[in-house]
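1. predicted structure and sequence below. I'll ask about it afterward.
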Amino acid sequence: MTRPANTSGNGMRHDGGGGGGRETDRETDRAAAPDGPAMTSFDEIYDRPDPRDFFRGLGRWQYRTPHHAQDVFRRLTAARRRAAASGPLAVLDVCCSYGINAALLNHDLTLDDLYAHYTSPRAAALTTAELIERDRAFYAARRRPDAVPVIGLDAAAGAIAYACSVGLLDEGFAVNLETEPPGARLLAAVRPVGLITVTGGASFLSPRTFRPLLGAAREEVWVAAFVLRTGSYRTIADGLAPFGLITEKVAEPTYPQRLFTSAAEQRHAVDAVTALGEDPRGKEDAGWFHTAFHLSRPSRDTTAVPLSTFLRDV
């Protein structure tokens with residue numbers, strides 16, 4: 001069920017194979033169906049050997065979702081860590097791309113820092129191998145003392161390989177759970193997971209992706225997702241309910257995702273949001289895709305810790 005909430009390195013492993021498919025769209029929900037041809041496609045930047053094209057391409061349109069998620073995910077991780085009953089907690093980032101959420105969760109960095117890092121003339125002059133070597137040192141020097149293990153799941157094998165190579169992911173899996181079952185290594189890796197995060201791709205996900213992950217975890221798992229307002233999260237929320245998870249949606253505030261690339265894209269978004277009963281004024285009609293935050297957790301937790309606890313100053 002969905003409950004609206006009215007609140008203002010080392011040991012890396014890349015498990016390749018089985019990738020591909022829209023449902024594991026990376027950091028921004030992209031074009032094609034189901035959102036329709038009016039949405040701009042950024043397919044060419046999602047599976048490169050390194051993230052330079054990603055930051056150059058989306059920087060032009062001021063892509064911001066990981067920035068909004070950074071403090072929310074840190075607070076959620078701290079809460080889940082305190083509640084962990086059977087050992088160290090891990091985070092699973094679904095549609096993890098190049099490990100951007102992991103970079104922001106576990107390092108003293110901002111999204112703007114990453115834009116500056118990957119779009120600099122110095123970065124442009126490097127080969128991918130040289131950039132990976134530089135990034136290993138870059139992230140190691142900024143690692144937070146409260147860093148947690150992060151497991152990445154994405155269909156993009158190149159992006160997963162990069163994130164593992166530079167130490168952002170403790171384990172990474174290039175697999176499409178919408179079309180194929182998880183392997184034994186993925187099921188073993190998610191056993192310590194207490195929090196699943198999503199900042200892009202929810203439009204192409206279904207309960208098929210979440211069921212095996214939740215079934216394999218030994219801890220209770222919370223699911224935190226920033227979802228474009230042009231689509232409904234209800235199918236996923238309904239699929240999480242059999243695992244005892246109640247989904248709360250934050251009605252306000254919403255969070256700017258990126259600028260529209262064209263008037264046609266904006267018209268499409270305004271029409272889609274309106275059809276879902278949402279108000280585009282000051283949001284989509286002001287030139288931006290917006291996301292809404294959803295958190296799924298056991299009913300007792302929704303009572304004990306209000307959702308607003310995790311959203312202050314975001």
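-> Great, that's in hand.
2. how about the contacts made by Trp288?
-> 256-260 (C-beta atoms under 8 Å, 6 or more residues apart in numbering). All C-beta atoms are positioned from the backbone trio N, CA, C, and that covers glycine.
3. let's see that with 6 Å instead.
-> 256, 259 (C-beta atoms under 6 Å, 6 or more residues apart in numbering).
4. in the stretch 151-300 of the chain, which spans are helices?
-> For the stretch 151-300 of the chain, the helices defined by DSSP state H, counting those that start in this stretch occupy 157-165, 184-189, 207-216, 234-240, 263-275, 299-304.
5. of all those helices, which gets the most neighbours per residue?
-> Comparing the helices of the stretch 151-300 of the chain on average neighbours per residue, with mean count of other C-beta atoms under 10 Å, the densest one is helix 157-165 at a mean of 24.
6. which is the next helix or strand following the helix or strand of the chain with the lowest mean pLDDT?
-> Using mean pLDDT, DSSP states H and E, strand 14-15 stands out as the lowest-scoring helix or strand of the chain, at a mean of 35. Counting by DSSP states H and E, the next helix or strand C-terminal to strand 14-15 is helix 52-59.
7. any chance of the backbone angles for the closest residue to Ala147 other than its chain neighbours?
-> Distance criterion C-beta to C-beta, 6 or more residues apart in numbering; nearest residue to Ala147, sequence neighbours excluded, is Asn106 at 3.8 Å. The phi/psi pair for Asn106 (degrees, to the nearest 10) reads phi -110, psi 10.
8. what about the stretch 101-250 of the chain, any weak spots by pLDDT?
-> The model of the stretch 101-250 of the chain has no residue with pLDDT under 70.
9. wasn't Asp71 part of a strand?
-> No. Counting by DSSP: H, G, I helix; E, B strand; the rest coil, Asp71 is not part of a strand but helix.
10. which strand is the longest one in the chain?
-> Assignment by DSSP state E gives strand 288-297 as the longest strand of the chain.
11. how about the helices of the stretch 151-300 of the chain in CSV, adding distance to Ser41?
-> What follows is the helices of the stretch 151-300 of the chain, written out as CSV (distance: least, C-beta to C-beta, whole Å):
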stretch, distance to Ser41
helix 157-165, 16
helix 184-189, 28
helix 207-216, 21
helix 234-240, 23
helix 263-275, 11
helix 299-304, 37
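12. and Thr127, how far is that from Glu133?
-> 9 Å (C-beta to C-beta, to the nearest Å).
13. that should have said Leu245, apologies.
-> Counting by C-beta to C-beta - Leu245 and Glu133 are separated by 41 Å.
14. neighbour count: the two, which is higher?
-> Leu245 (23 against 14; other C-beta atoms under 10 Å).
15. contacts only, for that one.
-> Counting by C-beta under 6 Å, 6+ apart, Leu245 has contacts 296-297.
16. go again with 8 Å.
-> With contacts defined as C-beta under 8 Å, 6+ apart, Leu245 is in contact with 221-223, 296-298.
17. do the same with Asp301
-> Counting by C-beta under 8 Å, 6+ apart, Asp301 has contacts Trp222.
18. please name the nearest non-neighbouring residue to Val150.
-> Using C-beta to C-beta, 6+ apart and skipping residues adjacent in sequence, the residue nearest Val150 is Ala102, 4.1 Å away.
19. what helix or strand does the one you found sit in?
-> Assigned by DSSP H and E, Ala102 belongs to helix 100-106.
20. continuing past that helix, what's the next helix or strand?
-> helix 111-118.
21. so which elements touch that following helix?
-> helix 52-59, helix 65-83, helix 100-106 (3 or more C-beta pairs under 8 Å, 6 or more residues apart in numbering; DSSP states H and E).
22. just how off-centre is that helix within its chain?
-> Taking the mean of its C-alpha atoms, helix 111-118 sits 17 Å from the chain's own mean (C-alpha atoms, centre = their mean, to the nearest Å).
23. what does stretch 199-219 give?
-> 12 Å.
24. what about that stretch, how long is it end to end?
-> With C-alpha to C-alpha, to the nearest Å as the measure, the ends of stretch 199-219 fall 22 Å from one another.
25. over to stretch 273-287?
-> One end of stretch 273-287 to the other measures 13 Å (C-alpha to C-alpha).
26. in it, what counts as buried?
-> Neighbour counts over stretch 273-287 (16 or more other C-beta atoms under 10 Å) mark 273, 278, 280, 283-284 as buried.
27. and the contacts of it?
-> Contacts to stretch 273-287, defined as C-beta under 8 Å, 6+ apart, come from residues 229-232, 254, 256, 259-260, 266, 269-270, 290.
28. in ChimeraX, select just the buried ones from these.
-> In ChimeraX, this line selects whichever of those come out buried by 16+ other C-beta under 10 Å:
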select :229,230,231,232,254,256,259,260,266,269,270,290
